[in-house]
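Undergrad: need a 3D model of the following:
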Amino acid sequence: MDWNSRRLTAILENALVEDRATRDATSYACIDANQRASATIISKQDCILAGIGCVARILDVYAALDGAVTAHYEVTTHPEIFDGVRLHKGQSVAVIRHNARVILSCERVILNFLQRMSGIATLTRKFVEAVSGTHARILDTRKTAPGLRAIDKYAVRCGGGQNHRLDLSDGVLLKGNHIGLAGGIAPALERAHRNRRGSQPIEVEVRTLDELEQALANGAEAVLLDNMSPEDVRRAVERCAQAQTPERRIPIECSGGIRLENVRAYADTGVDFISIGLLTHSTHAADMSLRVVPA
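TA: Numbering: from 1, shown residues only. A predicted model of the protein is given here:
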């Protein structure tokens, strides 16, 4: 994860500007301008860490926005602390030594990123572990927080999941609305084959076994089984296996209504991928805190 990239720098800058971090009235009012402090980030629950690189970068971005920061910071972590590692309740994540006002002004933004990302990574790891030993891989979706897709999807990878499309340009996926407006699966596929850019694979969303037959008959190169029962998914996997040739392998994805309680049943059907929107749209932030003492 390149926290110095323009895209991620903009995300961090927007978060600091939103919080008016350089105009922290409370810290200005009661903390001496030259006071130094030591702050320890603590995990208050067992979780999977994601986003540790944002800590130092937020301090850099804050300094650029403020224009008056002259103090130098140190961010130290144990060699065994890195994105994707399992943290235990009470474990230290990182220690920041810096100007006290700066630490306090950046505290909430630092924790917001770490907690959201670690929450996503933790939930993702639960799904990954639930399908362990099967052929299935856990995917995310585009159901991310507006403006935070880059970090949401990175957090999924920290949890052991894989990224689906990063954006609308990243592959052709014919969903129900596309199919309806195009006049059905057959005309939608015909147009997609004729108009696609480059060699992007064409994936088709189907909701029934009859729609699967139409997709296979009209050149679908991958299929998304939407809101099917595990029994129907198993039948669909068997049907796709019959349609495959050495020259035509058809990746199979399923989605819709999949939770920790039933994800194993779907994985056992033989699907290649299981996409889960709640990894990023319904996750709970990991519980972390930042404890500050004079340095």
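Undergrad: tell me if residue 215 really is in a helix.
TA: Yes. Following the definition DSSP: H, G, I helix; E, B strand; the rest coil, residue 215 is counted among the residues of a helix.
Undergrad: what's near enough to touch the nearest residue to it once chain neighbours are set aside?
TA: Counting by C-beta to C-beta, 6 or more residues apart in numbering, residue 215 lies nearest to residue 204, which is 4.3 Å off, once chain neighbours are set aside. C-beta here means a position set from N, CA and C on the backbone, and glycine is covered the same way. Contact criterion C-beta atoms under 8 Å, 6 or more residues apart in numbering gives 173-174, 179, 185, 188-189, 215, 220, 222-224 as the residues in contact with residue 204.
Undergrad: 10 Å - rerun?
TA: For residue 204, the set of contacting residues under the criterion of C-beta atoms under 10 Å, 6 or more residues apart in numbering consists of 172-175, 178-179, 185, 188-189, 192, 211-212, 214-216, 218-224.
Undergrad: what do you get for residue 260?
TA: If you count contacts by C-beta under 10 Å, 6+ apart, then residue 260 has 123, 126-127, 129-130, 276, 278 around it.
Undergrad: got these as a markdown table, with distance to residue 158 columns?
TA: Putting the contacts of residue 260 into a markdown table (distance: C-beta to C-beta, whole Å) gives the following:
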| residue | distance to residue 158 |
| --- | --- |
| 123 | 11 |
| 126 | 13 |
| 127 | 13 |
| 129 | 14 |
| 130 | 17 |
| 276 | 16 |
| 278 | 17 |
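Undergrad: and those, which two are furthest apart?
TA: Every pair in those was compared (C-beta to C-beta); the two farthest apart turn out to be 129 and 278, at 16.0 Å.
Undergrad: wait, residue 212 touches residue 206, no?
TA: Yes. Using C-beta atoms under 10 Å, residue 212 and residue 206 qualify as a contacting pair, with a distance of 4.7 Å.
Undergrad: overlap in contacts, the two.
TA: Taking C-beta under 10 Å, 6+ apart as the contact rule, residue 212 and residue 206 both touch 185, 220, 223, 225, 228, 236.
Undergrad: between those residues, which is nearest residue 105?
TA: Proximity of the shared contacts of residue 212 and residue 206 to residue 105 was ranked by C-beta to C-beta; the top entry is residue 225 with 48.6 Å.
Undergrad: helix, strand or coil for the spatially closest residue to the closest one that is not a sequence neighbour?
TA: Counting by C-beta to C-beta, 6+ apart, residue 225 lies nearest to residue 254, which is 4.2 Å off, once chain neighbours are set aside. Three-state assignment for residue 254 (three-state DSSP): strand.
Undergrad: bridge partners for residue 254, pull those for me.
TA: Partner residues in beta bridges with residue 254, using DSSP bridges, are residue 225, residue 274.
Undergrad: against residue 121, how distant is it?
TA: Look at residue 254 and residue 121: by C-beta to C-beta, to the nearest Å, they are 23 Å apart.
Undergrad: now swap in residue 228 and tell me
TA: Using C-beta to C-beta, residue 228 is found at 28 Å from residue 121.
Undergrad: the more surrounded of these two?
TA: Counting neighbours by other C-beta atoms under 10 Å for residue 228 and for residue 121 shows that residue 121 has the greater number, 29 against 22.
Undergrad: now whichever helix or strand that one is part of: buried residues?
TA: Here residue 121, judged by DSSP states H and E, is contained in helix 100-130. Applying a neighbour-count criterion of 16 or more other C-beta atoms under 10 Å, the buried positions in helix 100-130 are 100-107, 109-125, 127-128, 130.
Undergrad: wait, is the residue nearest to residue 215 part of a strand?
TA: Yes. Counting by three-state DSSP, residue 204 is part of a strand.
Undergrad: give the bridge partners for it, please.
TA: Partner residues in beta bridges with residue 204: residue 174, residue 223, with DSSP bridges as the criterion.
Undergrad: quick check: the gap between it and residue 255.
TA: Plainly put, residue 204 is 13 Å away from residue 255 if you go by C-beta to C-beta.
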